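A.B. asks: here's my sequence, what's the structure:
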Amino acid sequence: MKKMYPVFFLVLLPILLMSVTQSNLLKKNRIYSVNDFLVPLIDNTINPISRDGNWRLHKEYHPIYNNNGELIPDELKTYYYSAYNPDRNDSTVVSLYAGSDIWIRTDRLMFDYYAVDENLSDASDYYVPENIIRSKVEGIYNEAGNLTDMIKYSYYDDRVLHPVTHTIVNYYVNHISSYVTHYESGYYPASFRIRKNLITDGAGRVISEEEKETEDLVTWYDSNRIFYSYHEDDTSNGLDYTNFIKHNYVRKTFDNIMGEYVVMQTGMLSSVQKQYVEEGAWVDEARFLYDYDNQDRVVTITVQTAPGLNTYWFNLYRQNYHYDVNGNLSEMKLQSWSDTNGWGAERYGVIYEWEQFVSAVDNVVNPVSANLSVYPNPFKTEINISLQTKSKAPVNINIYNLKGQLVTSIESFKSTTINWDGKDKEGRAVCSGIYFVKASLEGKTVTRKVIRVN
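C.D. replies: Next up is the predicted model:
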């Protein structure tokens, strides 16, 4: 079956997992890692874009139930996208329901990207009422575009952002081997470190994360570990994980700061198991079991716990994912477990609303087979469309506006270069603005963004 590409969705923590991990090193002043309260989610990308690249997430509703069992609005997230890169989420507004169809904005999440490779440079949380930055995550990349450093900032009483943690990403050849985090604040010793080593299988997939802590950079103590297993249809490898971290680690770490706990993995997971150390022994804390449909989409994630030194697992709840006719996630519903009655009735967790758009990102599986160029760009009256390909099959050219509406089509285009006169299919000159030239060849597509100016 085809490989599952990750899709980005966020789910709030519905139930606080049982135990708080304690470290051998700092039991009284425990520093919690991002996985201490681990909640399974569908694998993520930077932008909430559908698998086929034709839809993007518009709104995300988080309803709650009142004392009468009635479903009422609670929180709303509205996604906004770049005008120049319509598949790039530049900001998200968080609003709380105040009654009488009134939503009050509380936070605006801002995402900035590097111009060269589109990697996320930083993510910030602006508190709307006072327009101040409450938290920030910054990413630093090397010349190859791989993430090397990540710095978290927090807003203190002096109304200034201060660095809190600095994580260094280490590589072996082109694959991530470990993460080392130290704390910038003076609360912990300057030599305190948390190191997470990655263990991989023959395909380069991460099968376990082993977290250790040190106070003197000499003696390291076991702290936490996580085991990953994969579905039999999974075809991911180590390079997929490296690329996934490059494009997602900053965003996902920011999501953790915002209280939305995520699994930092890619591929088709079968299970995730979390353990911590207690009195020198490894103790099971939580386990997540993944089920998929025949399209390799997650349909259920079951959350289990094994508190204390128990050797068996208890069901806690499960997250059920429902999809619309376009294949997009439409609802996430929760079911609680009862030892007496089994799984209870489904209750709404999150409702998703999508909008269709034309992506500015190439969908070509093999970009060498078709090279599309447009010039001049920006243009005033007309533009040249040039396609270099070894295929003798006819090429169809479609031009869309920023709303995703078809402006005009050029069918059975067989020559190497053609001219578009800047007019729609009715022969009317189009307005200044952003347009997308999309070439289709043998089931593959290439898209280029063009700008018309006055």
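
A.B. asks: start to end distance for stretch 123-138?
C.D. replies: 7 Å (C-alpha to C-alpha, to the nearest Å).

A.B. asks: and that stretch, what's buried?
C.D. replies: 123-126, 133-138 (16 or more other C-beta atoms under 10 Å). Every residue, glycine included, has its C-beta placed from N, CA and C.

A.B. asks: let me have those residues in CSV, adding pLDDT and distance to residue 86 as columns.
C.D. replies: Below are the buried residues of stretch 123-138 laid out as CSV (pLDDT from 0 to 100; distance: C-beta to C-beta, whole Å):
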residue, pLDDT, distance to residue 86
123, 88, 19
124, 90, 22
125, 89, 24
126, 88, 23
133, 86, 26
134, 87, 28
135, 89, 27
136, 90, 25
137, 90, 24
138, 91, 25
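
A.B. asks: inside strands: which ones of those residues?
C.D. replies: Secondary structure defined by DSSP state E assigns 123-126, 133-138 of the buried residues of stretch 123-138 to strands.

A.B. asks: ok, the helix or strand hosting residue 283: who's next to it in the sheet?
C.D. replies: If you go by DSSP states H and E, residue 283 is part of strand 281-292. Applying DSSP bridges to the sheet, strand 281-292 is found paired with strand 269-278 (antiparallel), strand 298-305 (antiparallel).

A.B. asks: so which of the ones in strands among the buried residues of stretch 123-138 is the closest to residue 355?
C.D. replies: Taking C-beta to C-beta as the measure, residue 123 is the one of those closest to residue 355, at 22.4 Å.

A.B. asks: and the nearest residue to the closest one once chain neighbours are set aside, what pLDDT?
C.D. replies: In space, and not counting its chain neighbours, residue 123 is closest to residue 254: 3.9 Å by C-beta to C-beta, 6 or more residues apart in numbering. You'll see residue 254 listed with a pLDDT of 73.

A.B. asks: need the contact list for residue 154.
C.D. replies: When contacts are counted by C-beta atoms under 8 Å, 6 or more residues apart in numbering, residue 154 touches 134-135, 161-162, 164.

A.B. asks: go on, residue 110?
C.D. replies: 90-91, 123-126.

A.B. asks: can you rerun that using 7 Å?
C.D. replies: Applying C-beta atoms under 7 Å, 6 or more residues apart in numbering to residue 110 gives the contacts 91, 124, 126.

A.B. asks: returning to that earlier point: of the contacts of residue 154, closest to residue 84?
C.D. replies: residue 135 (26.7 Å).

A.B. asks: hang on, the closest one packs against residue 123?
C.D. replies: No. Using C-beta atoms under 7 Å, residue 135 is not in contact with residue 123; the gap is 8.7 Å.

A.B. asks: correct me, but residue 314 touches residue 287?
C.D. replies: No. Under the criterion of C-beta under 7 Å, residue 314 makes no contact with residue 287, lying 9.9 Å away.

A.B. asks: how about the helices in the chain?
C.D. replies: For the chain, helices defined by DSSP state H occupy the ranges 238-257.

A.B. asks: just name the shakiest helix or strand of it by mean pLDDT.
C.D. replies: Ranked by mean pLDDT, DSSP states H and E, the weakest helix or strand in the chain is strand 444-452, scoring a mean of 73.

A.B. asks: for that strand, packing partners?
C.D. replies: strand 371-375, strand 433-441 (3 or more C-beta pairs under 7 Å, 6 or more residues apart in numbering; DSSP states H and E).

A.B. asks: by how many degrees do the last one and strand 371-375 diverge?
C.D. replies: Relative orientation of strand 433-441 with respect to strand 371-375: 150 degrees, computed using axes from the mean of the first three to the mean of the last three C-alpha atoms, to 10 degrees.

A.B. asks: wait, doesn't residue 410 sit right on residue 417?
C.D. replies: No. Contact status for residue 410 versus residue 417: not in contact, 11.8 Å apart, counting by C-beta under 7 Å.

A.B. asks: quick one, which of the two is more surrounded?
C.D. replies: The residue with more neighbours, out of residue 410 and residue 417, is residue 410; 16 against 12, by other C-beta atoms under 10 Å.

A.B. asks: shaky segments in the stretch 351-454 of the chain?
C.D. replies: Scanning the stretch 351-454 of the chain for pLDDT under 70 picks out 359-371, 389-392, 402-404, 411-416, 442-445, 454.

A.B. asks: and for the stretch 201-350 of the chain?
C.D. replies: In the stretch 201-350 of the chain, residues with pLDDT under 70: 256-263, 307-311.

A.B. asks: what is the neighbour count of residue 291?
C.D. replies: Residue 291 has 15 neighbours, counted by other C-beta under 10 Å.

A.B. asks: ok, and the closest non-adjacent residue to it?
C.D. replies: Once flanking residues are discounted, residue 291 sits nearest to residue 300: 4.2 Å by C-beta to C-beta, 6+ apart.

A.B. asks: quick one: contacts for that neighbour?
C.D. replies: Neighbour list for residue 300: 291, 318, 320 [criterion: C-beta under 7 Å, 6+ apart].

A.B. asks: roughly how far does the first one sit from residue 96?
C.D. replies: Same thing as residue 291. For residue 291, the distance to residue 96 equals 33 Å [C-beta to C-beta, to the nearest Å].
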